[in-house]
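Participant: coordinates only, sequence not included:
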């Protein structure tokens, strides 16, 4: 669950690249099962302009077979990237909007028929500037009218983002390099309490450092009141020690190494798993401590406060993460005994 609202789920997600990488996964369960083992239960799904029933259904069945989540479905609705450049749409712009509405309506119906819900997200225009965000609003409105949602990467753009349901903000959370991100995330939530926020880039896949990965995919976004992790990218190239011609300022982007029919796990990828496990422990701790706060027993209530205090005062940027795990387990066990009446 999220730090700021125990009723909201915290999602492990990731980008896949190239674009057909996620399509390939649905014929190769090894990849989806690897995501599940590493707590990434809501990967970004195949994006397209149109919806076909058979491929849509195959993706759902593959997610279910691998034990991944089918609620919500990130990126699986047709892309909401149609622009209206003036005050009213041109003939061509209106035709594109009408086509988008028909595809969104079809996707929502499929999701409801197959899964009983319409928590399905369209992807907007990636990393768009303010003017493009304004021009996307008509397409985003169609999503809402038809019961779907919208997600995209963008900088926090204040009042321009009323219609956005899920923002993926550039820059990792925490005191470095982006200490102001928590405030921006909280403002976004205040506009729409049901909204989701995640981070990507700065760094992209990052250094081969499992301790760093554990923090930046775990308690750092959790305590900064994010809802998701969703960095770019799980893997894109075949190696990560060399620059690529089309982006010479970057190393190859990957957290795992692809093989013919699977991936090779890395220490950094295990750091992601540990970070998401830390969020699970923090959630279990907060749930038990919250129950303890409602107790009429003063000792039990005090124990709940101490447990929450441990989480609040723990420095997720610098303190020993294994110490956090041990203290979380210690308090969880004590709270469970206390709540059962065993002192």
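Facilitator: Arrived safely. Just so we're clear, the structure is a prediction, and the values are computed from it rather than from any experiment.
Participant: Next one, pLDDT for residue 230 please.
Facilitator: Looking at residue 230, its pLDDT stands at 96.
Participant: Surely it forms part of a strand?
Facilitator: Yes - the assignment for residue 230 (DSSP: H, G, I helix; E, B strand; the rest coil) places it in a strand.
Participant: I'd like to know how far it sits from residue 265.
Facilitator: Separation of residue 230 from residue 265 (Cβ to Cβ, to the nearest Å) stands at 20 Å. The way it works is simple: take the backbone N, C-alpha and C, and place the C-beta from them, glycine included.
Participant: Also residue 57?
Facilitator: Residue 57 is 30 Å from residue 265, by Cβ to Cβ.
Participant: show me where pLDDT drops low in the stretch 151-300 of the chain?
Facilitator: 176-177, 237-249 (pLDDT under 70).
Participant: need the helices for it, in chain order.
Facilitator: According to DSSP state H, counting those that start in this stretch, the stretch 151-300 of the chain carries its helices in the segments 181-191, 210-216, 219-223, 267-293, 298-313.
Participant: Let me know whether residue 153 touches residue 127 as I believe.
Facilitator: Yes - here residue 153 reaches residue 127: they are 5.2 Å apart, a contact under Cβ atoms under 8 Å.
Participant: For the host helix or strand of residue 55, buried residues please.
Facilitator: Taking DSSP states H and E as the criterion, residue 55 maps to helix 53-66. Neighbour-count burial for helix 53-66, counted by 16 or more other Cβ atoms under 10 Å, picks out 56, 59-60, 62-63, 66.
Participant: Looking at the residues you listed, which is nearest residue 198?
Facilitator: For the buried residues of helix 53-66, the closest approach to residue 198 (Cβ to Cβ) belongs to residue 63, at 19.1 Å.
Participant: contacting residues for the closest one?
Facilitator: By Cβ atoms under 8 Å, 6 or more residues apart in numbering, residue 63 lies in contact with 32, 69-70.
Participant: now swap in residue 76 and tell me
Facilitator: By Cβ under 8 Å, 6+ apart, residue 76 lies in contact with 45-47, 56, 59, 107, 111, 120-121.
Participant: In PyMOL, how would I select the buried members of the residues you listed?
Facilitator: Only the buried entries of the contacts of residue 76 go into this PyMOL selection, using 16+ other Cβ under 10 Å:
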select buried, resi 45+46+47+56+59+107+111+120+121
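Participant: With distance to residue 145, pLDDT and secondary structure as added columns, please give the contacts of residue 76 in JSON lines.
Facilitator: Rendered in JSON lines, the data for these read as follows (distance: Cβ to Cβ, whole Å; pLDDT from 0 to 100; DSSP: H, G, I helix; E, B strand; the rest coil):
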{"residue": "45", "distance to residue 145": "22", "pLDDT": "90", "secondary structure": "coil"}
{"residue": "46", "distance to residue 145": "24", "pLDDT": "83", "secondary structure": "coil"}
{"residue": "47", "distance to residue 145": "21", "pLDDT": "81", "secondary structure": "coil"}
{"residue": "56", "distance to residue 145": "21", "pLDDT": "92", "secondary structure": "helix"}
{"residue": "59", "distance to residue 145": "25", "pLDDT": "90", "secondary structure": "helix"}
{"residue": "107", "distance to residue 145": "13", "pLDDT": "97", "secondary structure": "helix"}
{"residue": "111", "distance to residue 145": "16", "pLDDT": "97", "secondary structure": "helix"}
{"residue": "120", "distance to residue 145": "14", "pLDDT": "98", "secondary structure": "strand"}
{"residue": "121", "distance to residue 145": "15", "pLDDT": "98", "secondary structure": "strand"}
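Participant: Check the contacts of residue 76 and tell me the two furthest apart.
Facilitator: Across the contacts of residue 76, no pair lies farther apart than 47 and 111, at 15.1 Å, counting by Cβ to Cβ.
Participant: Check which residues of the one helix or strand residue 138 maps to are buried.
Facilitator: In this structure, residue 138 is located in helix 137-146 according to DSSP H and E. Using 16+ other Cβ under 10 Å as the test for burial, helix 137-146 gives 137-140, 142-143, 146.
Participant: With stretch 336-343 instead?
Facilitator: Of the residues in stretch 336-343, 338-339 count as buried by neighbour count, 16+ other Cβ under 10 Å.
Participant: which residues sit in contact with residue 202?
Facilitator: 170-172, 177-178.
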